[in-house]
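> Sequence and computational prediction follow.
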Amino acid sequence: MSNYHRKIQEIIEPQLVVEGAGVLLRRSFGPRRDNLFDPFLLFDHFAFNDPIEGPPVGFPTHPHRGIETVTYMLEGNVRHRDSLGNMGVIGPGDVQWMTSGRGIMHEEMPQRGSSGIINGFQLWVNLPAARKMSPPRYQEVEAKSIPTVEQSGISVRVVAGEYEGVRGPVTEIEAQPLYMDVSLAPGAAFYLPVEAGHFAIAYLFEGAAFCGLDEDGRGERVDSVKMLVFEDGDILGIQTEENSEARFMLMAGAPFKEPIAPYGPFVMNTQEEIQQAFADLRNGTFVRRT
């Protein structure tokens, strides 16, 4: 049986938005009732690259329920702490995969690196209805613990999922995700098996590439910075030109196919569950320590 190659379904131009205490972000998509990116809910690219912006202000204490947040840093760091007593620093190449479950209060405060730059991503992943009220947990992975596969002009940092027999350190995620940082040298061709029926996207943030390669190796040329949404299929291909490099975050996961009710930092399945989240905040029962 021949493979069905995933072609490009949509190219999204990230939009500038302001979140937290005045943080400027490039947002490719956010939580929506129509749930078009199931199981993914949000993808943000944050960068404080202009000195006139002053000290980065970050994301003061705020709640989450019903989702997982994934922070991946390229430059600079994010200091975090939460209502359960966890605290730490997410530095260059580090990943934090936080499952908020039934509820957590946390803050994230970015700081510039030695280059004066903060550069990183945040992905929100949905939880199925049966797991939305599960206990919160963290998977914090240092850069040195993330395996990198190098071959024929291709470099892949595998955070979650598998590439060429190498598995990422983030495990036991309901959406069965692939989450990878892929760099391509000029003229390199990258192919990845992706389970049919899983939703797949790639955020091209450096360079240019031919994306959504068909059976003959032809694809659509795309310049950064863009979010690419792929059609269904079982193999995904991206190739650079002979004079161009590229770097992208690749994400795929199993859709839950459940209705969602998003409201700010909460994503539940019904409006009644959203109202309960606010009631729990008012009553002081939002965070449970046992």
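Received, thanks. None of these values were measured; they are calculated from a predicted model.
> what residue lies at the spatial centre of the protein?
Leu123 (2.8 Å; Cα atoms, centre = their mean).
> which residues does that one contact?
Phe40, Leu42, Phe43, Thr69, Val70, Tyr72, Tyr179, Met251 (Cβ atoms under 8 Å, 6 or more residues apart in numbering). No exception for glycine: its C-beta is placed from N, CA and C like everyone else's.
> Check which helices and strands the longest strand seen in the chain is in contact with.
Counting residues, the longest strand found in the chain (DSSP state E) is strand 199-211. Strand 199-211 sits against strand 40-48, strand 178-184, strand 220-223, strand 226-230, strand 235-239, strand 246-253, with contacts defined as 3 or more Cβ pairs under 8 Å, 6 or more residues apart in numbering; DSSP states H and E.
> distance between the ends of stretch 65-82?
Stretch 65-82 has its terminal residues 13 Å apart, counting by Cα to Cα, to the nearest Å.
> in that stretch, what counts as buried?
Buried residues in stretch 65-82, counted by 16 or more other Cβ atoms under 10 Å: 65-78, 80, 82.
> Out of the helices and strands packed on strand 199-211, indicate the one that is most buried.
By mean neighbour count, with neighbours taken as mean count of other Cβ atoms under 10 Å, strand 246-253 ranks first of the helices and strands packed on strand 199-211 at a mean of 25.
> That one packs against which elements?
Short answer (3+ Cβ pairs under 8 Å, 6+ apart): strand 246-253 packs on strand 40-48, strand 118-126, strand 178-184, strand 199-211, strand 235-239.
> What pairs with it, parallel or antiparallel?
strand 178-184 (antiparallel), strand 199-211 (antiparallel) (DSSP bridges).
> and that strand, average pLDDT?
The average pLDDT within strand 246-253 is 98.
> could you point out which element follows it?
Sequence order places strand 261-263 as the next helix or strand after strand 246-253, per DSSP states H and E.
> quick one: strands adjacent to that next one?
Using DSSP bridges, the strands paired with strand 261-263 in its sheet are strand 266-268 (antiparallel).
> centre of the chain versus the helix or strand that comes right after the partner strand, how much separation?
Downstream of strand 266-268, the first helix or strand assigned by DSSP H and E is helix 271-283. Put simply, helix 271-283 sits 26 Å off its chain's centre (Cα atoms, centre = their mean, to the nearest Å).
> Next, the buried residues of helix 271-283.
Neighbour counts using 16+ other Cβ under 10 Å place Glu273, Ile274, Gln276, Ala277, Asp280, Leu281 of helix 271-283 among the buried residues.
> pLDDT averaged over it, what's the number?
The average pLDDT within helix 271-283 is 96.
> in the sheet, who's paired with the nearest residue to Ala200 once chain neighbours are set aside?
Nearest residue to Ala200, sequence neighbours excluded (Cβ to Cβ, 6 or more residues apart in numbering): Ala252, at 4.0 Å. Beta-bridge pairing of Ala252 under DSSP bridges involves Leu178, Ala200.
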